[in-house]
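Trainee: Here is a sequence together with a model predicted from it:
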Amino acid sequence: MMTVGIILAGGKGTRLRPLTYFRPKPLVPIGNRPIIDYVIDVFIKHGITKILVLVNYLGESIRNYLVQRNFPKDIELKVLNLNSIDTADAVRKARHEIEGDFIVSMGDILSNINLSNLMKFHRKNKGIATVALKEYENPLEYGVTLIDRNDRIVLFLEKPLSYELYLTSLAYHKSSIKFLHGNLVNAGVYAFKEEILDIITQNPHLLDWGKHVFPYLLENNYPVYGWIMGKSYWLDIGNPSKYLRANIDILSGSTFPIKPIGRYLHGIWTMGDIEIRSNAKIIPPVAIGNGVIIEAYATVGPYTVLGDNCKVGKSAIIKRSVVWEEASIGENSKIVSTILADNVLIGKNVSIIKSIIGKNVVIEEGVTLDNIAIEPKTRILAKEKLKEVMSIN
């Protein structure tokens, strides 16, 4: 049985900027919990007892967060900053901590994947590696995989162009490919034999699993298998639109048993003490953090997350949005399909639609923002109207 699990948590999260300038991607909250919490929970649920969190960018923030978490006594968790260049390089430099076959997961995915079934499949087929695969409508932004009728991977394309997929389909048209049309994507979760550590150590040019290691294994005829995760929920939190979608999905229950943190009642998750003034309206599903104040006649929801110590002003409207900690939304303001980072201050009569607002931004009275991203520590002056300065997608 595999007992070692590795979480790759060293990326810069550039596609999630401006949210990730001051907070590493694994600590970005979904349903008021950091993404990495859900990955760790899945590991523990499926029998992983030694967890290595490999960090780099803003790694101390991740270490400081995990140190204060209370894990079961039989769980050994280590945070390692090994100054790695890429994903496979990180595991190579951590090999002194790894014994036996092991699991690797990216630290920026939300999934209720059944790791036990993945490990069972891996043991049965006895391959050097098993890649978790997910059927996906638009696979071009991910590593696309073709498998034969025995579930052995025959081709792996890391984030291919559309014409590459077309030519590949033509090339394999008459072969025994199980999924011809290239809709199986690399889900960022792998099972490995311990032998893989020798291979990547002997080949230091292999830096990334998708770009280098898997193609190398296939070229040298190592048995690499693909395990299709079926109907399990999976989403890569790659950009702001997917981040917003992940929060909506967790509120809607489509990620079950993964759910927001807090007490649950009638579609509302709450943490600690909150104050809801008279005639304020909460429309489920929503998640509300500790210390939140919602003033009279304000409307929160549906599909909205409020972090700790947020304040929603009188008659303000917030829907299909995620608001991080210590944010303040002014009277009569409207926030729709938007992400607000920590300590954002919004004045009265502000309208923000389909936008992403960085940490410590101040938006003065009467401002209108539509489909833009605002860098941290920016001040938007009163009554400005900004549109499509930077798409959040």
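Mentor: In hand now; what should we look at?

Trainee: can you pull out the strands in the stretch 101-250 of the chain?
Mentor: Assigned strands in the stretch 101-250 of the chain, in chain order: 102-106, 109-111, 129-135, 144-147, 153-157, 184-192, 224-228, 234-236 (criterion: DSSP state E, counting those that start in this stretch).

Trainee: Out of these, which gets nearest to R263?
Mentor: With Cβ to Cβ as the measure, strand 109-111 is the member of the strands of the stretch 101-250 of the chain nearest R263 (21.6 Å). The way it works is simple: take the backbone N, C-alpha and C, and place the C-beta from them, glycine included.

Trainee: And that closest one, what does it pack against?
Mentor: helix 35-45, strand 184-192, strand 234-236, helix 240-252 (3 or more Cβ pairs under 8 Å, 6 or more residues apart in numbering; DSSP states H and E).

Trainee: Output the lowest mean pLDDT helix or strand found in the chain.
Mentor: Least confident element among the helices and strands of the chain, by mean pLDDT, DSSP states H and E: helix 162-171 (a mean of 47).

Trainee: among the helices and strands packed on strand 109-111, which is the most enclosed?
Mentor: For these, the largest average neighbour count (mean count of other Cβ atoms under 10 Å) is found in strand 184-192, namely a mean of 26.

Trainee: quick check: angle from that one to strand 153-157?
Mentor: Strand 184-192 and strand 153-157 are oriented at 110 degrees to each other (axes from the mean of the first three to the mean of the last three Cα atoms, to 10 degrees).

Trainee: Summarise which helices and strands strand 184-192 is packed against.
Mentor: strand 102-106, strand 109-111, helix 115-125, strand 129-135, strand 144-147, strand 224-228.

Trainee: hmm, back to that, now render the helices and strands packed on strand 109-111 as CSV, adding mean pLDDT.
Mentor: Listed next are those as CSV, based on pLDDT from 0 to 100:
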stretch, mean pLDDT
helix 35-45, 96
strand 184-192, 91
strand 234-236, 93
helix 240-252, 96
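
Trainee: now those as JSON lines including distance to D370?
Mentor: As requested, the helices and strands packed on strand 109-111 are exported to JSON lines (distance: least, Cβ to Cβ, whole Å):
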{"stretch": "helix 35-45", "distance to D370": "28"}
{"stretch": "strand 184-192", "distance to D370": "32"}
{"stretch": "strand 234-236", "distance to D370": "26"}
{"stretch": "helix 240-252", "distance to D370": "15"}
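
Trainee: closest one to S105 among the ones you listed?
Mentor: Proximity to S105 (Cβ to Cβ) singles out strand 184-192 among those, at 4.7 Å.

Trainee: how far does the closest one sit from the chain's center?
Mentor: Taking Cα atoms, centre = their mean, to the nearest Å, one finds strand 184-192 lying 15 Å from the centre of the chain it belongs to.

Trainee: then that strand to PDB, C-alphas only?
Mentor: Coordinates of each C-alpha in strand 184-192 appear next as PDB, following Å, rounded to 0.1, in the frame of the first residue of the first chain:
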ATOM      1  CA  LEU A 184      -8.600  12.900 -22.000                       C
ATOM      2  CA  VAL A 185      -6.500  15.400 -20.100                       C
ATOM      3  CA  ASN A 186      -3.700  15.000 -17.600                       C
ATOM      4  CA  ALA A 187      -5.400  15.600 -14.200                       C
ATOM      5  CA  GLY A 188      -2.100  16.400 -12.400                       C
ATOM      6  CA  VAL A 189      -2.300  13.300 -10.100                       C
ATOM      7  CA  TYR A 190       0.200  10.500 -10.600                       C
ATOM      8  CA  ALA A 191       1.200   7.100  -9.100                       C
ATOM      9  CA  PHE A 192       4.800   6.100  -9.400                       C
END
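
Trainee: got the angle for that strand vs strand 224-228?
Mentor: Going by the same axes, to 10 degrees, strand 184-192 is angled at 120 degrees with respect to strand 224-228.

Trainee: Strand 184-192 to helix 115-125, inter-axis angle?
Mentor: Strand 184-192 runs at 80 degrees relative to helix 115-125, counting by the same axes, to 10 degrees.

Trainee: re earlier: nearest to P223, out of the helices and strands packed on strand 109-111?
Mentor: Closest of the helices and strands packed on strand 109-111 to P223 is strand 184-192, at 12.2 Å (criterion: Cβ to Cβ).

Trainee: so can I have TSV of the strands of the stretch 101-250 of the chain showing distance to N83?
Mentor: Listed next are the strands of the stretch 101-250 of the chain as TSV, based on distance: least, Cβ to Cβ, whole Å:
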stretch	distance to N83
strand 102-106	19
strand 109-111	24
strand 129-135	25
strand 144-147	30
strand 153-157	27
strand 184-192	22
strand 224-228	28
strand 234-236	25
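
Trainee: right, so of those strands, which gets closest to K385?
Mentor: Among those, strand 234-236 comes nearest to K385, with 33.1 Å by Cβ to Cβ.

Trainee: so what pLDDT did E99 get?
Mentor: What the model reports for E99 is a pLDDT of 91.

Trainee: What count of nearby residues applies to the spatially closest residue to it that is not a sequence neighbour?
Mentor: Closest residue to E99 apart from its sequence neighbours, by Cβ to Cβ, 6 or more residues apart in numbering: V4 at 6.7 Å. Counted with other Cβ atoms under 10 Å, residues neighbouring V4 total 21.

Trainee: which stretch among the helices and strands packed on strand 109-111 comes nearest A94?
Mentor: Checking the helices and strands packed on strand 109-111 against A94 by Cβ to Cβ gives strand 184-192 as the closest, at 12.5 Å.

Trainee: Give me the residues contacting stretch 247-254.
Mentor: 30-31, 110, 233, 235, 255, 258-260, 285-287, 302-305, 320, 322 (Cβ atoms under 8 Å, 6 or more residues apart in numbering).
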